[in-house]
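K.L.:
Pasting the sequence and the predicted model now:
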Amino acid sequence: MQRKSAYFLFLAVLTMLVIGVVMLFSTSAFARDAHGDVYFFIKRQALWLGIGLTVLIGAALIDYHFWYHTWWLWFLLALGTLALCFVPHLGMRINGSRRWVGAGPITFQPSEIAKIAAVFFLAWWFVRFESRNRNLIFSFVIPLVATALLISLIITEVDLGTSALIGATTLVMMFVAGTNPILLGAFFATALGGFIFTVTCVPERMNRLLAFLHPENYKQDAGLQQMQALIAWGSGGMEGLGLGHGRQKMLYLPYAHTDFIFPMIGEELGLRVSLLVVFLFIVIIVCGMMIALHAKDRFGMLLGCGIVTLLALQAAVNIGVTTSLLPNKGLPLPFISYGGSNLAACLFGIGILLSIYRQAKLEPGNTKRITMQARMTPRI
């Protein structure tokens, strides 16, 4: 299984890309922002798909140790682009949030860069200071403070979902790196309390939480999406209504082509295809973790675990939200939902996993390089 993990991983991703394009073609024509062009979102997604596949191939061919030396460039790029969200005429305010940077028809979410930058930094840090794994400052305080810089800017955009995603990924990577689990547990409980308090201070997010707890009382406003999603699931049943025959996409279910595309799969293609999507994510998680755990150095292991955690948590939250198991959060379904920057970032992560696999498989002589460099570098 481990020898074929990269092949299964790529096949699962390719299958989901096909499902995503098919469902986007079926749902996006009815979106409010289609500007009268039924192919508007398909054309934009096709462009980003081409960019994403190019990035995937490039990342797969580049030695993943390259990111060990350039992590700081990504970190600075993430901070800079996140700051651009608040610059007039560059930052875009949509639905009360400043998550996008755009110039003309080109827009992207800087938080996608921040996700990758956080993983690069944490993987580098816990390799560079591996010998200080028991030091409270080096193993706990500094990594949290550094990632908090990114998270603070994303929270200011009013993007609590991505903030929680990066925070959870940080804790998972710190646990894998050997940070004291008691400290991580205590911090997680504190952070969860702070997150809930923050939600209560933002009226829109508080309404989403109340809509999750009392859906019948908010089915016309804050709970509309999840109620319509449940109707889509019920309408589709086991077999589905047939591709293109879904009704919720006809302006009943808002954002049916982005965050809530998973219920549309259930309505049109049925429960069987929906479970296939869940199975494909499980394949990606299992294969990705196998690649990470069989990496020949600590940096590859941490880097792979971070990327898999990002993909797994994002998919789990989206599926949980669209099945009313979690409060509504604006996270797209990886590889399937419409969203160019997210698609490119996810494919970039897959490319890095393939590079880790390729280096371990084909270039065993170079696998200890980063560990040896870390040991030879003078400690601060």
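P.N.:
Arrived safely.
K.L.:
Name the helix or strand for residue 278, please.
P.N.:
Per DSSP states H and E, residue 278 falls inside helix 261-293.
K.L.:
before we move on, what about residue 63?
P.N.:
Here residue 63 is assigned to no helix or strand, by DSSP H and E.
K.L.:
Now do it against residue 70, distance only.
P.N.:
12 Å (CB to CB, to the nearest Å). Any C-beta I mention is one placed from the backbone N, CA and C, and that applies to glycine too.
K.L.:
Let me see the ranges of the helices in the stretch 151-300 of the chain.
P.N.:
Counting by DSSP state H, counting those that start in this stretch, the stretch 151-300 of the chain has helices at residues 160-177, 181-201, 203-213, 224-236, 261-293, 298-322.
K.L.:
winner for burial among the ones you listed?
P.N.:
Highest mean neighbour count among the helices of the stretch 151-300 of the chain (mean count of other CB atoms under 10 Å): helix 298-322, with a mean of 23.
K.L.:
angle of that one against helix 224-236?
P.N.:
80 degrees (axes from the mean of the first three to the mean of the last three CA atoms, to 10 degrees).
K.L.:
helices and strands around whatever helix or strand comes next after helix 298-322, which ones?
P.N.:
Counting by DSSP H and E, the next helix or strand C-terminal to helix 298-322 is helix 340-362. In terms of contacts (3 or more CB pairs under 8 Å, 6 or more residues apart in numbering; DSSP states H and E), helix 340-362 is packed against helix 5-27, helix 40-61, strand 106-108, helix 110-128, helix 261-293, helix 298-322.
K.L.:
nearest spatial neighbour of residue 6, skipping sequence neighbours?
P.N.:
Excluding the flanking residues, the one nearest residue 6 by CB to CB, 6 or more residues apart in numbering is residue 357, at 4.2 Å.
K.L.:
I'd assumed residue 5 was in contact with the one you found.
P.N.:
Yes - assessed by CB atoms under 8 Å, residue 357 is found in contact with residue 5 at 6.7 Å.
K.L.:
which one of those two has more residues nearby?
P.N.:
With neighbours defined as other CB atoms under 10 Å, residue 357 and residue 5 compare such that residue 357 has more, 28 against 22.
K.L.:
Okay, the more buried one and residue 83: tell me how far apart.
P.N.:
35 Å.
K.L.:
do residue 44 as well
P.N.:
Counting by CB to CB - residue 44 and residue 83 are separated by 25 Å.
K.L.:
Also residue 222?
P.N.:
From residue 222 over to residue 83 (counting by CB to CB), the distance is 30 Å.
K.L.:
go on, residue 354?
P.N.:
Using CB to CB, residue 354 is found at 32 Å from residue 83.
K.L.:
try residue 348
P.N.:
In terms of CB to CB, residue 348 sits 22 Å off from residue 83.
K.L.:
the more surrounded of those two?
P.N.:
Counted by other CB under 10 Å, residue 348 and residue 83 do not tie: residue 348 has more neighbours, with 20 against 15.
K.L.:
Please give the number of neighbouring residues around the residue lying closest to the more buried one once chain neighbours are set aside.
P.N.:
Distances taken as CB to CB, 6+ apart put residue 55 closest to residue 348, at 4.8 Å, once the chain neighbours are dropped. Residues lying near residue 55 (other CB under 10 Å) number 19.
K.L.:
likewise residue 116?
P.N.:
So residue 116, with other CB under 10 Å, has 22 neighbours.
K.L.:
That one and residue 74 touch, don't they?
P.N.:
Yes - with contacts counted by CB under 8 Å, residue 116 reaches residue 74, the gap being 6.3 Å.
K.L.:
Show the model's pLDDT score for the residue lying closest to residue 53 once chain neighbours are set aside.
P.N.:
Spatial nearest neighbour of residue 53, excluding adjacent residues (CB to CB, 6+ apart): residue 347 at 6.4 Å. pLDDT recorded at residue 347 is 97.
K.L.:
Quick one: residues contacting residue 347.
P.N.:
Applying CB atoms under 8 Å, 6 or more residues apart in numbering to residue 347 gives the contacts 13, 52, 53, 55, 56, 335.
K.L.:
which of those residues lies closest to residue 160?
P.N.:
Proximity of the contacts of residue 347 to residue 160 (CB to CB) peaks at residue 335, which lies at 23.0 Å.
K.L.:
Contact partners for the closest one?
P.N.:
Contact analysis of residue 335 by CB under 8 Å, 6+ apart lists 13, 16, 17, 20, 343, 346, 347.
K.L.:
got a winner among these for most neighbours?
P.N.:
Greatest neighbour count in the contacts of residue 335, by other CB under 10 Å, goes to residue 346: 30 neighbours.
K.L.:
Could you verify my assumption that that residue touches residue 49?
P.N.:
No - if you go by CB under 8 Å, residue 346 and residue 49 don't touch, sitting 11.1 Å apart.
K.L.:
what number of residues lie near the nearest residue to residue 228 once chain neighbours are set aside?
P.N.:
Spatial nearest neighbour of residue 228, chain neighbours left out: residue 253 (4.1 Å); criterion: CB to CB, 6+ apart. By other CB under 10 Å, the residues close to residue 253 number 27.
K.L.:
same thing with residue 97?
P.N.:
Applying other CB under 10 Å, we find 15 residues neighbouring residue 97.
K.L.:
Cheers, nothing more for now.
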